[in-house]
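3D, please:
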Amino acid sequence: MLDRINNPFPRPSKPNYQGQPSILVGVSFGLKKPVTVAVVDVVKNEVLAYRSVKQLLGENYNLLNRQQQQRLSHERHKAQKQNAPNSFGESELGQYIDRLIADAIIAIAKTYQADSIVIPKLRDMREQISSEIQSRAEKKCPGYKEAQQKYAKEYCISIHRWSYSRLIESIKSQAAKVGISTEIGTQPIKGSPHEKAGNLAVFAYQERQAA
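Next up is the predicted model:
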């Protein structure tokens with residue numbers, strides 16, 4: 001009786017999630033490869049696993065196909081005729097993909113008992129995107145500034161535009177449900193998507209230690 005009075009809204013007896021402090025999951029963002037994940041043991045400086053967006057989505061990866069995005073209205077019309085349950089509007093499809101990616105990131109974090117998930121600063125993404133486009137333009141048109149600018153402009157139009165803020169919120173929401181903490185880090189500008197994800201986790205840990 002006294003226990004009930006002191007704690008009128010008892011919490012479930014399910015134990016809280018406890019990760020290993022040295023294990024962090026870095027999540028890097030990019031244009032061509034929207035999401036890349038690296039699980040890092042920051043004390044041993046060892047990468048335990050990588051995951052590309054294709055691996056995160058698995059059989060649902062075709063949802064990212066730009067051609068399928070262009071045919072979305074046609075596919076939705078067909079699905080409505082067939083009374084199919086999986087007819088998505090553009091916004092709903094984006095939210096669905098975000099949820100799939102977030103769930104996959106949470107799953108790998110739990111598998112490796114990660115202490116936290118490190119997400120890039122959203123305000124840094126403009127610089128990240130500009131750097132990635134410029135690098136591609138220089139490789140495509142070496143030595144020709146005008147051609148590089150034209151290529152960069154066309155590439156911006158053709159590339160899949162990702163809602164990073166929406167994905168970040170989805171990752172935070174799903175992580176909170178299972179008790180995994182999230183933190184914001186600085187994503188390196190240079191390097192492959194895998195290297196950026198790994199270094200993001202390492203830098204976040206170093207900043208944590210310094211603080």
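
What is the three-state secondary structure of the closest residue to Lys172 other than its chain neighbours?
Leaving aside its sequence neighbours, Lys172 sits nearest to Thr182 (Cβ to Cβ, 6 or more residues apart in numbering; 5.2 Å). From N, CA and C alone the C-beta is placed, and that goes for glycine too. Of the three states, Thr182 takes strand under DSSP: H, G, I helix; E, B strand; the rest coil.

got a list of what Thr182 touches?
Counting by Cβ atoms under 8 Å, 6 or more residues apart in numbering, Thr182 makes contact with 116-119, 171-172, 175-176.

May I have the residues that are in contact with Ser28?
Counting by Cβ under 8 Å, 6+ apart, Ser28 touches 35-38, 120, 187, 193-194, 196-197, 200.

Let's see that with 6 Å instead.
Residues near Ser28 by Cβ atoms under 6 Å, 6 or more residues apart in numbering: 36, 187, 193, 196-197, 200.

rewinding a little: mind checking pLDDT for the residue nearest to Lys172?
As predicted, Thr182 sits at a pLDDT of 96.

So it versus Ser22, what's the distance?
Applying Cβ to Cβ, to the nearest Å, the value for Thr182 to Ser22 is 17 Å.

what residue is smack in the middle of this structure?
In the chain, the centroid-proximal residue (Cα atoms, centre = their mean) is Val35; its distance is 4.4 Å.

ok, now which ones touch the closest residue to that one other than its chain neighbours?
With Cβ to Cβ, 6+ apart as the criterion, Val35 has its nearest non-adjacent residue at 4.6 Å, and that residue is Val53. Each residue near Val53 by Cβ under 6 Å, 6+ apart is listed here: 33-35.

and what of Ser52?
Ser52 sits next to Thr36 when contact means Cβ under 6 Å, 6+ apart.

Next one: it from Tyr17, what distance?
In terms of Cβ to Cβ, Ser52 sits 25 Å off from Tyr17.

from the chain's centre, how far out does the lengthiest helix in the chain sit?
As assigned by DSSP state H, the longest helix anywhere in the chain is helix 90-111. Centre-to-centre, helix 90-111 and its host chain are 8 Å apart (Cα atoms, centre = their mean, to the nearest Å).
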